[in-house]
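Chemist: coords please:
(3 chains)
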Amino acid sequence: MTDPSLRCPILHVDMDAFYASVATRDRPDLHDRPVIVGGGSRGVVLSASYAARLHGVRSAMPMTRARRMCPHAVVLAPDFELLGQVSAAVMECFRRVTPLVEALSLDEAFLDVRGAARRLGTPLEIAEQLRATIHDEQGITCSVGVAAVVSVAKLASRRAKPDGVLVVPPEEITSFLHPLDVGELWGVGEKTRAMLHRLGLVTVGDVAHIPLRTLQRAVGAGLGSHLHELAWGTDRRVVTARRGPDEPDRSMGADETFDRDTDDREVVLRELLRLSARVTGRMRVAGVAGRTVTLKLRFADFTTITRSRTLPEGTDVTQEVYRTAVRLYDALGLQRARLRLVGVRVEGLVPRETVQRQLVLGEREHGWSEADRAVDRAARRFGSAAVRPASLLS
DNA sequence: TCTGGGGTCCTAGGACCC
DNA sequence: TCTGGGGTCCTAGGACCC
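Modeler: Predicted coordinates:
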């Protein structure tokens, strides 16, 4: 019998309930219990065990609602250090199969196994080997979608969950895709789904069969042709092992939701300083600088605005980012507006050594830059909690 | 006590330059 | 007196992903 995966070199591997599985893998007492991994009082569900999902708990649901739905659930905080370690080990396991590994997040990746056939077998056999290895080495399960097209493999892994494999051969792509709700497509979220439904386009098949021009008039040229390709499983996206040291992130940012909404300028500025320090600290570790500073504010009614300013030169200096954020904040002239969240992001990142500091700024900024490096050194020796700007000492 | 925190990409208008 | 286009940069917002 021929293996249906023979013309399906793309694997999408997705850990099952990753955060919850990692949190409970050394806790046999919790294995069949509803477990929710999530943040603090105003947080959302990051991951729910399958026992918790039986009660309707889902990722991204407010924690308050999740607790109401499942009062006896065990609630755990995420351990990002551990999650990062498990993720790195899993990705390493993928790279033993092929160098063409594209990590999408901590817990999922595309693999192009075209070159591994001679060594390891068919894509389906490789998928099963990977699942067994990850289970043995990491004590967690995963699901794998196998297809000839990236976007189809992605949907197939979801259908395979939990702890399964689904192969969608080329001749079965349309019969697999077309009955699905349009909201299942990768890139179609709540808003686009609602818009398509309003147009009478409910299933992927509906989107596939509407004339491209009509679709483009309704949703725009770019999204229209993209949706058409997704609906026919003809997108040409390839698996690229990327984001090496030579390709930095495009932006870095940090934001924080207050425990309670605030209209106190002092509280806001203190938070902006802490966020600026966090972001620029990460930038210095990564060796990047950026020119555009963006301030993000979310008000009590959840409306969100951004204000940005592009500097003449890239920077990784805490005080420079902080001062820019404060200027943007003050320029808004808010009068007792209650803020729920503030954020700071630096965009347009480039390797730091490509930045030419202007001489005119050199004198003043040099001092702050030196201060940052001293803080970084101290943080490495004593931990980041030991070193912080004086105004953050309470 | 509804709604986190980290990102990416796209669109659209205005400024500015040629 | 009447109004071209193309390209790039900047800003703001929004959709989406995990």
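Chemist: so what's the nearest residue to A:Arg250 once chain neighbours are set aside up against?
Modeler: The shortest distance from A:Arg250 to any non-neighbouring residue, by Cβ to Cβ, 6 or more residues apart in numbering, is to A:Leu349 (6.2 Å). In short, each C-beta sits where N, CA and C put it, glycine included. By Cβ atoms under 8 Å, 6 or more residues apart in numbering, the contact list for A:Leu349 reads A:Pro248, A:Asp249, A:Arg250, A:Ser251, A:Met252, A:Met283, A:Ala286, A:Val288, A:Ala289, A:Gly290, A:Gly314.
Chemist: nearest residue to the last one other than its sequence neighbours?
Modeler: In this structure, A:Gly314 finds its nearest non-sequential neighbour in A:Ala289, 3.6 Å apart by Cβ to Cβ, 6+ apart.
Chemist: tell me the SS of the residue in chain A that DNA strand B sits nearest to?
Modeler: Residue nearest to DNA strand B within chain A: A:Gly222 (2.7 Å; Cβ to the nearest atom of the strand). Secondary structure, DSSP: H, G, I helix; E, B strand; the rest coil: A:Gly222 is helix.
Chemist: quick one: it from A:Gln216, how far?
Modeler: 8 Å (Cβ to Cβ, to the nearest Å).
Chemist: Pairing partners for the residue nearest to the spatial centre of chain A in the sheet, please.
Modeler: Centrality entry for chain A: nearest residue to the mean C-alpha point is A:Ser105, 5.6 Å, by Cα atoms, centre = their mean. Counting by DSSP bridges, A:Ser105 is bridged to A:Glu108.
Chemist: same deal with A:Thr262?
Modeler: A:Leu339.
Chemist: A:Leu199 - nearest residue in space that isn't next to it in sequence?
Modeler: If the residues on either side of it in the chain are set aside, A:Leu199 comes closest to A:Ala218, at 5.6 Å by Cβ to Cβ, 6+ apart.
Chemist: Pull up the gap between that neighbour and A:Thr234, please.
Modeler: 20 Å.
Chemist: which one of the two has more residues nearby?
Modeler: Neighbours were counted for A:Ala218 and for A:Thr234 using other Cβ atoms under 10 Å; A:Ala218 has more, 16 against 12.
Chemist: Please name the nearest non-neighbouring residue to the one residue in the stretch 51-200 of chain A that gets nearest to DNA strand C.
Modeler: Residue of the stretch 51-200 of chain A nearest DNA strand C, by Cβ to the nearest atom of the strand: A:Gly189 (2.3 Å). Distances taken as Cβ to Cβ, 6+ apart put A:Gly183 closest to A:Gly189, at 7.7 Å, once the chain neighbours are dropped.
Chemist: which ones are touching that neighbour?
Modeler: Neighbouring residues of A:Gly183 by Cβ under 8 Å, 6+ apart: A:Gly189, A:Glu190, A:Arg193.
Chemist: Poorly predicted segments of chain A, please.
Modeler: Along chain A, segments meeting pLDDT under 70 span A:1, A:243-246, A:357-366, A:384-391, A:393-394.
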